[in-house]
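Q: Fold the following, please.
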Amino acid sequence: MSQTPNTAGAQAKKGELRQSMSHLKQAFVSVAVFSFFINILMLVPPIFMLQMFDRVLSSGSIPTLVMLLVVAIGLLIVMGLLDWSRNRVLVRAGTRLDALLDKRLFDATFFRALRSPDSGSTQPLKDMVTLRQFMTGQGVFAFFDAPWTPIFILIIFLFHPLLGVLTLIGAIILFAMAYANEVITREPLGAANSEYIKESDYASSNLRNAEVLEAMGMTGRLRQRWQKMHQSVLSLQAIASDRSANLTAASKSLRMILQVGILATGAYLAVQNIITPGVMIAASIIMARALAPIDQAMHAWRGFIGARGAWDRLNKVLESTPAPSEHMKLPTPQGNVTVENIVVVPPGMRTPSLRGVKLDLKPGQALGVIGPSAAGKSSLARALVGVWPTYAGEVRIDGADIHNWDREQLGPHIGYLPQDIELFAGTIAENIARFGEVDSDKVVEAARKTGLHEMILRLPQGYDTAIGIQGGALSAGQRQRVGLARAVYGNPRFIVLDEPNSNLDEAGEQALTHTIQQLREEGCTVVIIAHRPSVLSAVDQILVLKDGQPAALGPRQEVLGRFTRPSGLSGPGGSNPASQS
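A: Modelled structure (predicted):
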């Protein structure tokens, strides 16, 4: 997944999240129009009450009451339909935003995990859910209804200035309390959200290693660590909730006091024959509506804080992980691999794990890579398939830098078996076929090539046997052989196998050696990171790495003759470089 700095800079300036939101402009305009008519129709109840007190009760006219009732019910039904429509528009706007960003966000999350293992979290996907849920919740309506607060207060002023002043003072105090609520809860809520993300990632990491924790009695100690993190989250949330609850309770009491106050003031004015009883009731209803957006905002404030935090995190993810640039499709690779003096620095590290490696491999050649632990073997494997970028130098496939290939085009022509075998939830056939369209002939061919076909047939459902995310239905050796079949599926031109025999028995190693020989005969370029020397019989060249640098490179017999004793079991200093991973 290669990046172009100019493209990245342009996208960062525009802001992908804001760009996506701009596509929802029409939806927000529609919601604003619906809100306009909904708030106008909110005047129906107070006007109905005004007419009831000042016209119906004074005249005793039942036909007038019936007419007012029919008109009011009709208008309120229309208001309900508009409110229903407004909700549906926002729900679809949230879905549309998700659809605009889901692929980009998944790729960005994947790329961050690839380049920085510590960032391998699904939090950006959760943040998208948080943002969408806020958009489709009731709290967002406060932003559309808030502009009507001054209009409703103005209407109350038209009833009588004293009623308007009382409402205005109440609105100002409530707004100040809402703002104070945001100020005093911003820091603890933000910290609580950050701690919650860490806690969630920590728990997920532990669950992935549940077998080790249980077997070695580590569950209790790690649970204690999780509990400390969890208590920190609860403590911060409690601080924010306590502060918010104090202001929420105060605002609730204030609204009730205002309601009583405006009724008392209206009653006084009515007794003085300055206004009618209908005006008193209408003013009370309109005041409640004028203050409703502020009340909604206070109740939805936690959701707003969460959505704002999600927005900020999503912006950072998208800006720090620009969309990959498109590459022109190149001719189908033939398997010519050139490594030009590469330097590899693991993600998140500053010290190179590999430097000074030069290789020139032709189709049909097989290279074995050996060396002690931490020699840089796996770093080389990751650099060869383009998983890790090179700090200096280049890896070229048929003359083109591996990062300049279109990944979707190059992927089917590359096979990769990492040290840690990861299979995915699905059937064995789907895993072998790399979750593309399952070509039965190619799946069986890959299984036969790796000596896996007979083993699969003995499973209860054969190739349709379902396995879990960790390949739970299979043994470690079986998972490794399925991973090997996946690597050779579709006859790729370049295959990198990182310790492919680490979990194999003698029969499995013989099948692996046969597979490598067959791949070479088919013109495939193969690189094998050796775990045990037995698999080296299938290679024609060997690269010895030591301390991240090449110690030797040449024909197999020549290199093994230099680095092993006659017994073939020990090397310089009593250590066989092929036997250490």
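Q: so Leu423 makes contact with Ala485?
A: No: Leu423 is beyond contact range of Ala485, at 10.8 Å (criterion: C-beta atoms under 8 Å). In this view, the C-beta of every residue, glycine as well, is placed from N, C-alpha and C.
Q: which of these two has more neighbours?
A: Set side by side, Leu423 and Ala485 give different neighbour counts by other C-beta atoms under 10 Å, the larger being at Ala485 (28 against 23).
Q: backbone phi and psi for that one, please?
A: phi -60, psi -40 (degrees, to the nearest 10).
Q: Now for it: which residues touch it?
A: Residues in contact with Ala485, defined by C-beta atoms under 8 Å, 6 or more residues apart in numbering, are Ile432, Ala446, Ala447, Lys449, Thr450, Leu452.
Q: Next up, the contacts around the residue most central in space within the chain.
A: Within the chain, the residue whose C-alpha comes closest to the C-alpha centroid is Leu125; the distance, by C-alpha atoms, centre = their mean, is 2.7 Å. With contacts taken as C-beta under 8 Å, 6+ apart, Leu125 has the following neighbours: Leu105, Phe106, Thr109.
Q: Give the rounded mean pLDDT of the strand or helix carrying Ala72.
A: The secondary structure element spanning Ala72 is helix 62-115 (assigned by DSSP states H and E). Across helix 62-115, the average pLDDT comes to 88.
Q: Off-centre distance for it?
A: Chain-centre distance of helix 62-115: 24 Å, with C-alpha atoms, centre = their mean, to the nearest Å.
Q: Show the subsequent helix or strand relative to it.
A: Reading on from helix 62-115 to the C-terminus, the next helix or strand found by DSSP H and E is helix 123-135.
Q: who does the helix or strand just after that following helix touch, helix- and strand-wise?
A: Where DSSP H and E defines the elements, the next helix or strand beyond helix 123-135 is helix 141-145. Helices and strands touching helix 141-145, as assessed by 3 or more C-beta pairs under 8 Å, 6 or more residues apart in numbering; DSSP states H and E, comprise helix 25-41, helix 277-299.
Q: quick one: buried residues of the first one?
A: Spelled out, that is helix 25-41. If you call a residue buried by 16 or more other C-beta atoms under 10 Å, then helix 25-41 has these buried ones: Ala27, Phe28, Ser30, Val31, Phe34, Ser35, Ile38, Asn39, Leu41.
Q: buried set for stretch 405-418?
A: For stretch 405-418, burial by neighbour count (16+ other C-beta under 10 Å) applies to Trp405, Leu410, Gly411, Pro412, His413, Ile414, Gly415, Tyr416, Leu417, Pro418.
Q: Among those, which ones are in helices?
A: By the criterion of DSSP state H, membership of those in helices covers Leu410.
Q: could I get the buried residues of stretch 405-418 as CSV with pLDDT and distance to Lys358?
A: As requested, the buried residues of stretch 405-418 are arranged in CSV below (pLDDT from 0 to 100; distance: C-beta to C-beta, whole Å):
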residue, pLDDT, distance to Lys358
Trp405, 87, 21
Leu410, 88, 22
Gly411, 87, 25
Pro412, 88, 27
His413, 91, 23
Ile414, 91, 21
Gly415, 91, 23
Tyr416, 92, 21
Leu417, 90, 24
Pro418, 88, 24
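Q: Out of the buried residues of stretch 405-418, flag the one nearest to Ala290.
A: Checking the buried residues of stretch 405-418 against Ala290 with C-beta to C-beta, the nearest one is Gly411 at 60.0 Å.
Q: Tell me which residues touch the closest one, please.
A: Listed by C-beta under 8 Å, 6+ apart, Gly411 has no contact partners.
Q: got it, and Thr276?
A: For Thr276, the contacting residues are Leu50, Phe53, Asp54, Ala270, by C-beta under 8 Å, 6+ apart.
Q: Now tabulate the helices and strands packed on helix 141-145 in CSV and tack on distance to Leu359 and mean pLDDT.
A: As requested, those are exported to CSV (distance: least, C-beta to C-beta, whole Å; pLDDT from 0 to 100):
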stretch, distance to Leu359, mean pLDDT
helix 25-41, 53, 91
helix 277-299, 63, 87
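Q: quick one, which of those helices is nearest to Asp498?
A: For these, distance to Asp498 was read as C-beta to C-beta. The smallest value, 49.0 Å, belongs to helix 25-41.
Q: got the contact list for that closest one?
A: By C-beta under 8 Å, 6+ apart, the list of residues contacting helix 25-41 from outside reads 75-76, 78-79, 82-83, 85-86, 89-90, 92-93, 96, 141, 144-145, 148, 151, 289.
Q: filter these to the buried ones?
A: Applying 16+ other C-beta under 10 Å to those, the neighbour count classes 75, 79, 82-83, 86, 89-90, 93, 96, 141, 144-145, 148, 289 as buried.
Q: Which member of the buried residues of stretch 405-418 is positioned nearest Ala250?
A: Distances from the buried residues of stretch 405-418 to Ala250 were compared by C-beta to C-beta; the smallest belongs to Pro418, at 58.6 Å.
Q: The residue nearest to that closest one when sequence neighbours are not counted and Gly80, how far apart?
A: By the measure of C-beta to C-beta, 6 or more residues apart in numbering, the closest residue to Pro418 outside its immediate chain neighbours is Asp498, 5.3 Å from it. In this structure, Asp498 lies at 63 Å from Gly80, with C-beta to C-beta, to the nearest Å as the measure.
Q: With neighbour numbers in mind, choose between the two.
A: Regarding Asp498 and Gly80, a neighbour count based on other C-beta under 10 Å identifies Asp498 as having more, with 25 against 12.
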